[in-house]
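Participant: missing the sequence, but the structure's below:
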């Protein structure tokens, strides 16, 4: 398991190519104003395709699917967000190539119909969230793919196993 996570993490850090979502054997068409969930469990995540996502220096991939307005949030501000978190599933296909797909939902404020609030930059959330939300404006919505080191790292959290890479749809509602 650790070896496969290491390979996954290496792909996130070394890949010069960006991921594209593939639905039913074809590329997903995501628009900037798409307010519905852009993918479902089982959809493939193609890490060998180009131009859809941006990769940060920390190995985080993201795609803005709805633009926000206003100013960027400041450290210490209380941010309110809606999110859905998915597992990133990795398997070897018949051709000995690594395939990634969208796993099960492990948590969702959207399903609970209750937004989540936290203080930015105060380590109240996983590091990938602090990093991503510091670069988002209110109203913005992103798909975010976090390598395990930007999520929970080598520690398990509830039903999220250690060394898990995660996918989130995050909508930044407000800052106060």
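Facilitator: Yes, it's here. Note that the structure is predicted; figures quoted are calculated from it, not measured. Residues are numbered from 1 along each chain as shown.
Participant: Quick check: the gap between residue 127 and residue 170.
Facilitator: Per CB to CB, to the nearest Å, residue 127 is found 14 Å from residue 170. Just so you know, the C-beta spots here come from the backbone N, C-alpha and C atoms, and that holds for glycine as well.
Participant: and what of residue 69?
Facilitator: In terms of CB to CB, residue 69 sits 16 Å off from residue 170.
Participant: More neighbours: those two, which one.
Facilitator: residue 170 (23 against 8; other CB atoms under 10 Å).
Participant: Does the more buried one touch residue 146 like I think?
Facilitator: No. Counting by CB atoms under 8 Å, residue 170 sits too far from residue 146 to count as a contact (10.5 Å).
Participant: Report the central residue of this protein.
Facilitator: In the chain, the centroid-proximal residue (CA atoms, centre = their mean) is residue 144; its distance is 2.4 Å.
Participant: For that one, which three-state class applies?
Facilitator: In the three-state summary, residue 144 is assigned as strand, counting by DSSP: H, G, I helix; E, B strand; the rest coil.
Participant: Going forward, count from 599.
Facilitator: Sure thing, new numbering starts at 599, so read that last one as residue 742.
Participant: List the contacts of it.
Facilitator: Residues near residue 742 by CB atoms under 8 Å, 6 or more residues apart in numbering: 658, 659, 660, 726, 730, 765, 766, 767, 768.
Participant: Counting neighbours, what do you get for the second one?
Facilitator: So that's residue 659. Residue neighbour count, defined by other CB under 10 Å, stands at 21 for residue 659.
Participant: Please identify the buried residues of the longest strand belonging to the chain?
Facilitator: For the chain, the strand that runs over the most residues, judged by DSSP state E, is strand 676-690. Applying a neighbour-count criterion of 16 or more other CB atoms under 10 Å, the buried positions in strand 676-690 are 677, 678, 679, 680, 681, 682, 683, 684, 685, 686, 687, 688.
Participant: roughly how far apart are the closest residue to residue 680 other than its chain neighbours and residue 665?
Facilitator: For residue 680, the nearest residue in space outside its immediate sequence neighbours is residue 769; the separation is 4.5 Å by CB to CB, 6 or more residues apart in numbering. Applying CB to CB, the value for residue 769 to residue 665 is 12 Å.
Participant: Much appreciated, bye for now.
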